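Colleague: The following block contains a protein sequence and its predicted model.
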Amino acid sequence: MNKEKLKPIGIFDSGLGGLTVLKEVRKLLPDESLIYFGDSGRAPYGTKSEETVRAYTAQDISFLLSKGVKAVVVACNTAAACAGKDLLDSFGVPVVEVIGAGSEEAARVTTSGKIGVIGTQATIRSGVYERAVRSILPDCVFSSKACPLFVPLVEEGWWDDDITVEVAKRYLSEIGDIDTLVLGCTHYPYLENVIRKVTGGRVTLVNSAKAVAHKLEATLEKEGLKNAKGPATVEYYTSDSVDKFASLGELFLGNLGGKVFRADTEAFS
Ligand code: DGL
């Protein structure tokens with residue numbers, strides 16, 4: 001038995017939104033142990049500069065490596081957008097990120113090549129989704145829109161509220177004619193119902209969290225790192241209050257299924 005297989009997978013996000021990714025990974029890979037790091041003490045990332053988010057991303061991955069993970073999932077779209085491939089490939093373990101996974105899925109499901117992406121200001125400003133989609137479908141018609149009010153609305157628990165519908169109408173009216181919309185932010189899967197109300201049945205929604213879970217599985221299989229036997233455990237680390245993480249975490253996930261620890265951010269290097 002390859003002992004590497006027994007090591008946990010690390011998942012990180014700027015805060016709790018990445019629990020949408022953890023949920024999909026747990027569903028698809030129930031025998032894998034997981035270590036989740038939410039950098040709530042420095043969130044949000046979506047309003048920060050590319051250099052700052054890049055530096056945070058390197059520290060977040062180093063923190064997970066200090067816990068002995070065999071692979072890392074960048075659940076945060078903003079981190080993935082700002083980090084760049086060179087940085088993500090420099091850690092000596094497979095690093096899988098949401099933007100590549102979501103873009104591949106969008107290119108696969110689009111029927112007319114008209115693709116939209118919504119995300120934080122930093123993600124949309126980076127243009128990374130557009131480059132990733134165009135590298136697969138060079139002639140696609142691409143549009144995007146930053147939706148900064150969505151993250152606080154989700155964290156307020158207003159997932160299916162009239163106010164959220166109004167906000168969604170305003171943002172999405174600025175997206176052109178599309179058949180596929182990528183939910184390019186950790187929090188947006190919670191707004192699927194609201195977004196569907198606004199876009200109607202004609203638009204396919206791509207949940208990047210699901211797409212990255214599938215990409216992770218393929219990567220583990222390719223690297224001979226997939227653990228199909230368990231036993232699976234889950235641990236959570238936060239750079240902010242443990243109590244706050246636990247209560248918002250329960251709202252996001254129902255049941256966390258593991259303990260929450262305060263991250264020793266001294267381990268950041
Ligand atoms: N996790 C971020 C993302 O997916 C959203 C929250 C933030 O701005 O930090 O882009």
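Modeller: Structure's in. What do you need? Residues are numbered from 1 along each chain as shown.
Colleague: What about Lys67, how many residues nearby?
Modeller: 15 (other Cβ atoms under 10 Å). From N, CA and C alone the C-beta is placed, and that goes for glycine too.
Colleague: List the contacts of the residue lying closest to it once chain neighbours are set aside.
Modeller: Of all residues beyond its chain neighbours, the one nearest Lys67 is Ile35 (5.1 Å), with distances taken as Cβ to Cβ, 6 or more residues apart in numbering. By Cβ atoms under 8 Å, 6 or more residues apart in numbering, the residues touching Ile35 are Pro8, Ile9, Gly10, Ile11, Leu64, Lys67, Val69, Val234, Glu235, Tyr236, Tyr237.
Colleague: The fifth one and the ligand: what is the separation?
Modeller: It stands for Leu64. Applying Cβ to the nearest ligand atom, to the nearest Å, the value for Leu64 to the ligand is 16 Å.
Colleague: Going by secondary structure, that residue is in what exactly?
Modeller: Using DSSP states H and E, Leu64 sits within helix 50-65.
Colleague: Heading C-terminal from that helix, find the next helix or strand.
Modeller: Following helix 50-65 in sequence order, the next helix or strand is strand 71-74 (DSSP H and E).
Colleague: Following element in sequence after that following strand, please.
Modeller: Next element after strand 71-74 (DSSP H and E): helix 77-83.
Colleague: That next one near the ligand anywhere?
Modeller: Yes - with Cβ under 6 Å from any ligand atom as the criterion, the ligand is reached by helix 77-83 at Asn77, Thr78.
Colleague: Give me the residues contacting that helix.
Modeller: For helix 77-83, the surrounding residues in contact (Cβ under 8 Å, 6+ apart) are 12-14, 44-46, 48, 50, 53-54, 56-58, 60, 74, 88, 97-100, 102, 119-120, 122-123, 126, 128-129, 184-186, 208.
Colleague: on contacts alone, who are the packing partners of the strand or helix carrying Glu166?
Modeller: Using DSSP H and E, Glu166 sits in helix 162-172. In terms of contacts (3 or more Cβ pairs under 8 Å, 6 or more residues apart in numbering; DSSP states H and E), helix 162-172 is packed against helix 150-155, helix 192-199.
Colleague: on that earlier part again, quick one: buried ones out of the contacts of helix 77-83?
Modeller: Using 16 or more other Cβ atoms under 10 Å as the burial test, these include 12-14, 44-46, 48, 53-54, 56-58, 60, 74, 88, 97-100, 102, 119-120, 122-123, 126, 128-129, 184-186, 208 as buried.
Colleague: out of these, which are inside helices?
Modeller: For those, the ones inside helices are 53-54, 56-58, 60, 88, 98-100, 102, 122-123, 126, 128-129, 208, with DSSP state H as the criterion.
Colleague: my guess is Val96 contacts Val72, does it?
Modeller: Yes - counting by Cβ atoms under 8 Å, Val96 touches Val72, with 7.3 Å between them.
Colleague: circling back: just list whatever residues bridge to the residue nearest to Lys67.
Modeller: Gly10, Glu235 (DSSP bridges).
Colleague: doesn't Phe150 make contact with Val167?
Modeller: Yes - between Val167 and Phe150 a contact is recorded at 7.3 Å, counting by Cβ under 8 Å.
Colleague: neighbour count winner among these two?
Modeller: Remark: of Val167 and Phe150, Phe150 carries more neighbours, 26 against 19, as counted by other Cβ under 10 Å.
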